[in-house]
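Chemist: I would like the atomic coordinates for the input below:
(5 chains)
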Amino acid sequence: MDLMIYVLDTLVFMGIFALLSLSLNVEYGFTGLGNFGKVAFFMAGAYTYAITSSFGWPFYLCLILAGLVASVLGALVSLPALRLREDYLAIVTLSFGEILRIFVKAEQWLAGGVWGIAVPSAFANMDFTPRMQTWASVVLVWVILIAVFVFLYLLMNSPYGRVLRGIREDDVAVQVLGKSYVLYKVQALMVGSAIAGVAGGLFAQYIRFIDPYMFLPLVTFTVWVMLILGGPANPWGAVVGAVIVEFFNRGSRILKDHLALPFDPHNVQYALFGLLIIFLLLYRPHGLFREKPLKTGAEAEVAKWQSSS
Amino acid sequence: MFDIGQILVNSVVTSSLYLLAGTGLTLTYGLSRFPNFAYAEFITLGAFCGLFFLAKPDGVFFLALIVAFLVAGFVSASSYTLVFRPLVERKTSLIHLMVASIALGYVLRHSMGESWGWSAQAYQIMWPVYNIGNVRITGLWIILIATAVLTAVALHFFLTRTRAGKAIRAIASNPDLASVTGINRQKVVLLTWFFGAGLAGVAGVFRAADTRLFPMLGWDILLPIFAVTILGGIGSFYGLIIAALLLGLAENFGVVLLSGLGLSTEYRMAIAFLILIGVLIIRPKGLAR
Amino acid sequence: MGKKVLALITVLTFFATALVGCGQQTPADKQEQEEVVKIGSALSMSGLLGPMGVKMTDAVKLAVEEINAAGGINGKQVELFIEDDATDPAQCLNAVKKLVEVNGVQLLITGMSSGAASAIGPYLSERGVLAISPSATSPALTGQPWRDYFFRTAPSDEYQGKVMAQLALDRGLKRIVVFTMDNVYGVSLGQVAEAALKEGGAEILAFIKYDPAKMDYRTELTQIKSLNPDGVIHVGYNDDGVVVYQQALDLGLDTIQWIGCDGVYGTGLFKTEASATFMANAVIGTRPGAPEGEDAYENFVAAFRAKYNEDPEVFCDTVYDAVKLIALAANHAGSEDPAKVRDALLEVGQNYQGASGTITFDEGGDRLGGIYEIWEVVKEDGEFKFKRVDMITLN
Amino acid sequence: MAILVVNGISKSFGGLQVLNQASLEVAEGTITGLVGPNGSGKTTLLHTIFGLIKPDAGTVSFRNQLITGLKPHQIYEVGLAFSFQLPRLFFQLTVLDNLLLAARNHIGTSFASALFLRRRWRRQETELAQKAMQILELLGLVHLALHPAGELSGGQRKLLEIGRALMADPVMILLDEPAAGVNPVLGRRIYQKLYTLREQGLSFLIIEHKLDILLDFADYIYMMDAGRVVLSGTPKEVIENPVFYATYVGETQNAAFRS
Amino acid sequence: MPLFEAKNICAGYGDVMIVNDVSLSVSNGDLVAIVGPNGSGKSTLLKSLLGLAHLFSGQVLYRERDITRIAPWQAVEVGLGYVPQVNNVFTNLTVNENLEMGAYHRHDKAGIRSDLEEMYQRFPELAARKKARAETLSGGERQLLAIARAMMARPRLLLLDEPLAFLSPKASEVVLNRLLQIQAEGTSLLLVEQNTIKALQNASYGYILNEGRCVMEGKGPQLLADGSLRERFLGLGKEV
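Modeler: Coordinates of the predicted model:
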């Protein structure tokens, strides 16, 4: 018994889900694209990592490839996506996730099909104790999370991020102002998918075994819950949402050992999540954290101007 | 090599289920203009209601259908009043409405899991089997197909002959004009949510009678039902009929084709999705319009 | 806004205290810990395998109850911790980690699916925690590097597949369709049977995999019908089996000989009369068995029925045996240390007469397929029953 | 010479002929007005010029370059800017951001340079911000620069919509009713600003209902009715033509062209 | 006692105020016209009376009963009919069904049937196309259908938003004549119209809106004769 391992394990999952939540934030929070097939890109990344690492390639290369493959899929999905209404986009992306899962499941030659595929840990060659192993994963995941966070923070607080936010509000107006929203939407889906793909790679190397049953649409919905809870278009919100939901998950699991509950905590937990989301949407649709205005340096000029005039 | 007659009958059985389950979805989707993912749970709920009557071999099937209709309808109408209508009034975005419907689905599904458990259960009804030439057909299929056809005919008359039916079409056609014409929109929409989910509940009873019963029952067939609804053109009842037939045929003949090609028949789910994606790209308004 | 955030923080603090609270083991806790033996169960109680896992967990509870009634392990009572893996291997790992690191469990019943087993395997091995899987049957698990702390009471599909093929060949079936659910269990067994059948000179007309969640198998079954085979090798679980048989009866497929496996053994198949009738008409099957005269299975069924007023279903017997074996081994070793229990398991797990038949572990923790029962379904006094027809000993 | 030539544009929506062989020209460096009753097709024509609507027939050329069929952002690239009749602002973004989004040739709007040419776009950002503040000064919105556009009143929204077109540094601007919903004094100030820009060589095509203002500032006026141009000339010529008033009050034989 | 009164109406969309302090009244049997150039707020005024646009302040009275901010569908029960300018028919419904929808709040089946007959007699253009879907109708036919649909509710007052817009002169002549006939039979009309001259010629009373305010009012033909109409109408003010 080593409580630390469990705490670290929790941190790893928080980090991985925070990445997914951030990636959905790029697509939905900033660009307004309702991707309900997030799990497809997560899965693509996980499988890419699994397959490439079986060639004995180094883990960082596999992670990069995981991101790349997912991002190419993102571009592929964006082609129909750009022509579709929001509700259609939701259903198409949801279906896409299921098609991809069926494909991986049915094509045994690719990655073991229903058998799943074993994945070497990123630290397989090092002589780590289980606790160090988990520590290493925490460091890896959170370093990448922080890097992605900073990357997105910089990207979203730039004229580029401004265009994305503009597209969310009114894509025709953006086009009239000279920016092809098509290009930006494709890029947003690619960036979002790449992050989800990297998250998938991290997940695969941490679990060390993946199979198609891990990638049900439920994963997508969990990520949505995180983002809606934390607050769309705020990177802190995305991360905090992921941390809270994961904490809730684990907490309820532990809590039930200490309370004699007359009901199944698993059922009640999901039902409560459902209620929580409904109440949030009704009474606090912007989540815990509100969107912050852009910081590009331009806002500093305003102060000067306002004080001088 | 394969028995076309039997596969045709199988397709019609599949289609009938899709038609029953899709009717309510297409009507409410057409009126309220957002896809309700909790719809799956109305199907499941109907199925569980049926259990009260059909857990013993001497159950009355039609009673189960009626109660499933009423209970699923009631829960749907209440969820509209308590969740979706307030959201719509707050001018919630389409995406948030979808998320809310998924959340509602969580609540309903896990409440059902808590009440009835996650183990599979089954109705205790033995259906007679008939041979028509090479083709075999069971009593359940006959009732299912008959119910679907009768519902379709009844709905046709309801939508074209009755005041409420015409009001539903009027709102779907032009909601604002419907208001100024004196139609109490909220009332009609609520009625549609009740009625549509009621049919979903009936479909749930059939599905459970045909297979078995557990809280994921509705979710397992939700995506094909969405495919049928969108294929037919949202809100178009006649498009739905065509789409249900088409998808029923595509899935069942698809199985033959897939195994002919040496592919896993699991791809039959993918067939529905691929047709859906294809139609959305080529003809986003669906087949009927 | 302030109020809501405050409420949220309160909830979070509550959970945090819970988490920390169980981490800080007071001396009193320690004492308590010494007085009980902790056994953890992490099976699928929701999701696709949920229906099976719930009943299996009931069987675990039954076994623990019996062990405690008989004096526990090494004189200590058994405390059972139950988790749910939601049919997701990643969740299984999460649940096992929680059991091990938070609850301090070192003896586990888990790895319900082969996927879950693969996911938790390396971790178990590294942490030196013992687990027995009651239902992971994939041959792919044999010889994995992490198998030192992982046993299974369900024999590898390698054996039963051959038995099924043998049964078909013995019955003189030449033209055969393999019809399996599309998961590890189904496809593994199907492929082993397919190979053995080909070797035995039978013709495989088709290998059809079906989605266990789809629940509409009419067209697949119609296809089988039009292929007009002598026999069907069918691999499924109770849950989908009941639907397959129901629909097969509708289509009149009961004129063909069906050969089932342990997955379609169990009263879950009698949930509908149609399915039961079909089985009585057309299905024979195999399952790991015990020599004549052993009534361990009957005893188990009786006990299960007495406690839950229901019949046990597939893998309830293997999970029951798994718990009993852990207790037996720990008693034998005189310790609950996983390494010692593991060594003891290899000793006591030789010709153990369990509810699921004779259990003999090989060096790698796999159950050897020794004796198999051939069963059929009969209707006696208006009740459907499984009945032993024959025994096959596999070498 | 003509900077914009619209030639024989026709467009119908579901059987309703909204534009019927509409043609007009805008001379370089002028303010050209477009007037006409409701439903005469003015807004549709403007949208067609800017690529928001695909015409059934006819061509648009800008500086002798055919721009029919181009997407709005491509038309923006050739030097045009557009301002909607009903403001289509980015309501959750600040007023300042609304303007900056319209800036032309902004380095930081591309993915790679947003990340790698940080210093360059930040410098440009500062310059653009100053320009934006000048525009806000003109529109009287300086104090609201950092407020979300959603907080603006109707008139202020309209001003910001125009401001975005000014921010785009175009050669020519298409404006749909810039003075509508704005108080008359401010309306005039906007036109004065447009007039200064005209002096600097910019060209304008403006739909306007506030005839008193338009007549003061416009160089040339086209009047549309039932999807085609029925009258054109200098403000004086147009206003004195009896067709002008007749068209406005709906009393004209041109109604014959209506479907 | 006026049939219908609106007092000090301020209305618009969202938080944008378009109509500013306008009052009007309609007496029994009147044809009241609201005219004005584009963007003067005519349509918004009309919509705000029925709750279709946001009413900031003001009061709406029907036979001295306060009906401010009632739900649109209730306005029909009170006795107000409304014919929107565009999208004024249910395109997916047949002509007959469109008319039946007009009588939605009524329950007297016999009365509805006889009213249907009456509508077909009054609008023979529609009788010929009873079973056709409304989307197949021409602009003029749609306008007639919209008016007939509104009349099916037996309103005491009919509010029309530019009924003559987008119509050929012949069609607009037909529509206008039918409207005058309806007025002659006792239903009052409140008309927003672009076609100022036609509207004022026939109006018992007229209001001229500019920039959301009422700039002139008076008996219809008298307004037309007023010399300052042109300047005020065009909003040219003193400059011209």
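Chemist: Can you get me a residue count around residue E:212?
Modeler: A count of nearby residues for residue E:212, using other CB atoms under 10 Å in any protein chain shown, gives 23. Just so you know, the C-beta spots here come from the backbone N, C-alpha and C atoms, and that holds for glycine as well.
Chemist: Can you give me the distance of it to residue E:60?
Modeler: Going from residue E:212 to residue E:60 by CB to CB, to the nearest Å gives 17 Å.
Chemist: go on, residue D:73?
Modeler: Residue D:73 is 46 Å from residue E:60, by CB to CB.
Chemist: out of those two, which sits in the busier spot?
Modeler: residue E:60 (22 against 18).
Chemist: Averaged pLDDT, the helix or strand harbouring the more buried one. What do you get?
Modeler: Using DSSP states H and E, residue E:60 sits in strand E:54-62. For strand E:54-62, mean pLDDT is 88.
Chemist: Quick one: list the elements packing against it.
Modeler: When contacts are defined as 3 or more CB pairs under 8 Å, 6 or more residues apart in numbering or on different chains; DSSP states H and E, strand E:54-62 sits against strand E:4-13, helix E:42-49.
Chemist: The helix or strand immediately after that strand in the chain pairs with which strands, and in what direction?
Modeler: Next helix or strand after strand E:54-62 toward the C-terminus (DSSP H and E): strand E:65-66. Strand E:65-66 has the following strand partners under DSSP bridges: strand E:54-62 (antiparallel).
Chemist: The strand it pairs with: how far from the chain's middle?
Modeler: 17 Å (CA atoms, centre = their mean, to the nearest Å).
Chemist: Check stretch D:131-138 too.
Modeler: 19 Å.
Chemist: which of the helices and strands packed on strand E:54-62 is buried the deepest?
Modeler: helix E:42-49 (a mean of 26; mean count of other CB atoms under 10 Å in any protein chain shown).
Chemist: That helix vs strand E:4-13, what angle?
Modeler: Angle between the axes of helix E:42-49 and strand E:4-13 is 110 degrees (criterion: axes from the mean of the first three to the mean of the last three CA atoms, to 10 degrees).
Chemist: Just the CA atoms of helix E:42-49, as CSV, please.
Modeler: In CSV, the C-alpha atoms belonging to helix E:42-49 read as follows (Å, rounded to 0.1, in the frame of the first residue of the first chain):
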residue,chain,number,x,y,z
LYS,E,42,-43.3,51.3,-39.2
SER,E,43,-43.0,47.5,-39.1
THR,E,44,-41.4,47.5,-35.7
LEU,E,45,-44.3,49.5,-34.4
LEU,E,46,-46.8,47.0,-35.7
LYS,E,47,-44.9,44.1,-34.4
SER,E,48,-44.5,45.6,-30.9
LEU,E,49,-48.2,45.9,-30.7
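Chemist: so for that helix, what's the average pLDDT?
Modeler: Computed over helix E:42-49, the average pLDDT equals 87.
Chemist: hang on, the earlier thing: could I get the buried residue list for the strand holding residue E:60?
Modeler: Across strand E:54-62, burial judged by 16 or more other CB atoms under 10 Å in any protein chain shown covers E:54, E:55, E:56, E:58, E:60, E:61, E:62.
Chemist: is the fifth one in a bridge, and if so with what?
Modeler: Counting by DSSP bridges, residue E:60 forms beta bridges with residue E:6.
Chemist: how about residue E:208, what does it touch?
Modeler: Residues in contact with residue E:208, defined by CB atoms under 8 Å, 6 or more residues apart in numbering or on different chains, are E:35, E:36, E:214, E:215, E:216, E:217, E:223, E:229, E:232, E:233.
Chemist: name the element it belongs to?
Modeler: strand E:205-210.
Chemist: Tell me how far the very next helix or strand once past that strand lies from the chain's centre.
Modeler: The helix or strand immediately downstream of strand E:205-210 is strand E:213-218, counting by DSSP H and E. With CA atoms, centre = their mean as the basis, strand E:213-218 stands 18 Å off its chain's centre.
Chemist: Am I right that residue D:103 is in contact with residue D:127?
Modeler: No - in this structure residue D:103 lies outside contact range of residue D:127 using CB atoms under 8 Å: 9.5 Å.
Chemist: quick one, which of these two is more surrounded?
Modeler: residue D:103 (24 against 12).
Chemist: Stretch B:90-97 near chain D anywhere?
Modeler: No - legend: contact between stretch B:90-97 and chain D by CB under 8 Å from any CB of the partner chain is lacking; minimum distance shown is 12.0 Å.
Chemist: That stretch close to chain E?
Modeler: No - Stretch B:90-97 stays clear of chain E (CB under 8 Å from any CB), getting no nearer than 10.9 Å.
Chemist: Show me how far that stretch is from its chain's centre.
Modeler: 24 Å.
Chemist: Relative to chain D, how far out is the residue of chain E at minimum distance from chain B?
Modeler: Nearest residue of chain E to chain B: residue E:76, at 3.1 Å (CB to the nearest CB). Distance, residue E:76 to chain D, using CB to the nearest CB, to the nearest Å: 27 Å.
Chemist: does that residue sit in a helix or strand, and which one?
Modeler: Counting by DSSP H and E, residue E:76 is found in helix E:72-78.
Chemist: Touching that helix from outside, list them.
Modeler: B:179-185, E:50-52, E:62, E:65, E:67, E:70, E:82, E:104-105, E:153, E:155.
Chemist: The helix or strand where residue D:99 lies and chain A, any residue contact?
Modeler: Per DSSP H and E: residue D:99 is located in helix D:95-100. Yes - applying CB under 8 Å from any CB, one finds helix D:95-100 touching chain A at D:96, D:97, D:100.
Chemist: what about the second one, neighbour count?
Modeler: Read that as residue D:97. 26.
Chemist: so it touches residue A:294, yeah?
Modeler: Yes - counting by CB under 8 Å, residue D:97 does reach residue A:294; the two are 5.7 Å apart.
Chemist: Quickly list what's touching both of the two.
Modeler: Contacts common to residue D:97 and residue A:294, judged by CB under 8 Å, 6+ apart, are A:162, A:165.
Chemist: so what secondary structure elements neighbour the longest helix along chain B?
Modeler: Determined from DSSP state H, the single longest helix within chain B is helix B:4-32. Packing contacts for helix B:4-32, counted by 3+ CB pairs under 8 Å, 6+ apart, involve helix B:39-54, strand B:135-138, helix B:139-161, helix B:163-173, helix B:185-210, helix B:217-231, helix B:237-261, helix C:218-227.
Chemist: Which strands and helices lie in contact with the second one?
Modeler: Contact partners of strand B:135-138 among helices and strands, from 3+ CB pairs under 8 Å, 6+ apart: helix B:4-32, strand B:129-132, helix C:238-250.
Chemist: Cheers, nothing more for now.
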